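S.K.: build me a structure from this.
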Amino acid sequence: MSEVIKVEVEGRVAIITIQNPPVNALSGQVVQGLMNAFKRVEKDPLVGAVILTGDGEKVFMAGADIKEFPTWLGREDMVQHVELNHQLFKYIERLRKPTIAMLNGLTLGGGCELALSCDIRIAEEHTKIGLPEINLGIFPGGGGTQRLPKLVGISKAKELMFFGESINATEALSISLVNKVTKTGEGLCVAKGWATKLSEKSLNSIISIKEAMEYRYEHSFDEGIVKETELFCKAFQHQDAYEGINAFIEKRKPVFNK
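M.R.: Modelled structure (predicted):
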C-alpha cells in the first residue's frame, strides 16, 4: 500500500486515512494510493463499509497539490492527467459498498470533490469546506460542477463556486452538503458507529439503491422508474429478501449474507 495511504480494518469497517502532510494534498501519489486502497477494500469480503478521513486533527484534504500546478500550464496531455482524478472519484462513487467521508478539518478544492464522491459525509464542528479554485483563475475540475448541485441545488452550488469562499460545518449541514456535524475529536467514533450499522444491512439492497439513484442522474424520471422496478423485482429474488422478511415475521434481527 502507498505510504501516503493507511488502511485499517476494525470488525467489518475499513478505515482509509490520507497521510500526506502538511495538508494531505491530492498529489498523484495520493490518487494512486487511494485507488489501490479502495480496490483492496472492495474485494475484501470481510469489509462491509468504508470510512475515508485525513490524518491529524486539522485537515481532511486541502485540495490538489498547488506546487504541481505550474507543470500543468500549457501541458498537451493535461486531459489524461485530470482523468486520473475522475477515475478515482467515479470508482469511489460507484463502490459496491457504502462509504463515509469523515471530515476532520479543512476540506477544500479537490478535497471537497473527493468527499462529494462518498455516499455520506460527517464533519467535525471545526471543519471548513469550500471550492476556492476561482481565486486561482480556474474552476473545480474534479467533478465539483457535477456532484455539488445534486446535493445543494444549482443556485447554492454556483454561489459556492463563483465566490470561492469556505463555509463552516453548521452551514454545510443546513444545505445538506454534510449529513451530520459532531464535536471536534468525535467524528471518527460517530463514523465508525454509522459504518458498523451499515455493514449489518443488506449489501445487495445498498448496491441496488446506489445503482438506481446513479441511473436516475443520467436518465429521465420515467427511465429511472423503469430501472427502479427492475432492481426492486430482482431484490425479491435475492436471499437477503428471504432473510429480511422471515426475520421480521419471526421477530428477530436479520443476518444478511456478507
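S.K.: and the gap between the most centrally placed residue in the chain and Ser220?
M.R.: A centroid search over the chain (Cα atoms, centre = their mean) returns Cys118, at 1.3 Å, as the residue closest to the centre. Distance from Cys118 to Ser220, counting by Cβ to Cβ, to the nearest Å: 26 Å. Where you see a C-beta, it was placed from the backbone N, CA and C, and this is true even at glycine.
S.K.: please apply the same query to Glu42.
M.R.: Using Cβ to Cβ, Glu42 is found at 30 Å from Ser220.
S.K.: and if you look at Thr182?
M.R.: Thr182 sits 38 Å away from Ser220, taking Cβ to Cβ as the criterion.
S.K.: do the same with Pro22
M.R.: If you measure Pro22 against Ser220 using Cβ to Cβ, the figure is 46 Å.
S.K.: any idea where the strands of this structure begin and end?
M.R.: According to DSSP state E, the chain carries its strands in the segments 5-10, 13-18, 49-54, 59-62, 99-103, 106-108, 120-124, 128-130, 167-168, 180-182.
S.K.: how about those in CSV, adding mean pLDDT and distance to Leu148?
M.R.: What follows is the strands of the chain, written out as CSV (pLDDT from 0 to 100; distance: least, Cβ to Cβ, whole Å):
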stretch, mean pLDDT, distance to Leu148
strand 5-10, 97, 25
strand 13-18, 98, 21
strand 49-54, 98, 18
strand 59-62, 96, 16
strand 99-103, 98, 14
strand 106-108, 97, 12
strand 120-124, 98, 12
strand 128-130, 98, 10
strand 167-168, 98, 12
strand 180-182, 98, 18
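S.K.: can I get these in a markdown table with distance to Lys227 and mean neighbour count?
M.R.: Putting those into a markdown table (distance: least, Cβ to Cβ, whole Å; neighbours: other Cβ atoms under 10 Å) gives the following:
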| stretch | distance to Lys227 | mean neighbour count |
| --- | --- | --- |
| strand 5-10 | 33 | 16 |
| strand 13-18 | 29 | 23 |
| strand 49-54 | 24 | 26 |
| strand 59-62 | 33 | 27 |
| strand 99-103 | 22 | 28 |
| strand 106-108 | 32 | 26 |
| strand 120-124 | 22 | 25 |
| strand 128-130 | 32 | 22 |
| strand 167-168 | 34 | 17 |
| strand 180-182 | 29 | 19 |
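S.K.: format those strands as TSV; extra columns: distance to Trp194.
M.R.: Below are these laid out as TSV (distance: least, Cβ to Cβ, whole Å):
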stretch	distance to Trp194
strand 5-10	13
strand 13-18	9
strand 49-54	8
strand 59-62	17
strand 99-103	6
strand 106-108	18
strand 120-124	7
strand 128-130	19
strand 167-168	21
strand 180-182	8
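S.K.: which among those is found nearest to Ile249?
M.R.: Nearest of the strands of the chain to Ile249, taken as Cβ to Cβ: strand 49-54 at 27.0 Å.
S.K.: quick one: list the elements packing against that closest one.
M.R.: Using 3 or more Cβ pairs under 8 Å, 6 or more residues apart in numbering; DSSP states H and E as the contact definition, the elements that strand 49-54 packs against are strand 13-18, strand 59-62, strand 99-103, helix 110-116, helix 187-199.
S.K.: just put those in CSV and tack on distance to Pro254.
M.R.: Compiled in CSV, those are given as follows (distance: least, Cβ to Cβ, whole Å):
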stretch, distance to Pro254
strand 13-18, 19
strand 59-62, 34
strand 99-103, 22
helix 110-116, 31
helix 187-199, 13
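S.K.: closest one to Ala123 among the ones you listed?
M.R.: Nearest of the helices and strands packed on strand 49-54 (Cβ to Cβ): strand 99-103, 4.2 Å.
S.K.: and the closest one with helix 187-199, angle?
M.R.: Compare the direction of strand 99-103 with that of helix 187-199 by axes from the mean of the first three to the mean of the last three Cα atoms, to 10 degrees and you get 170 degrees.
S.K.: just checking: what are the partner strands of strand 99-103?
M.R.: Each strand paired with strand 99-103, and its direction, by DSSP bridges: strand 49-54 (parallel), strand 120-124 (parallel).
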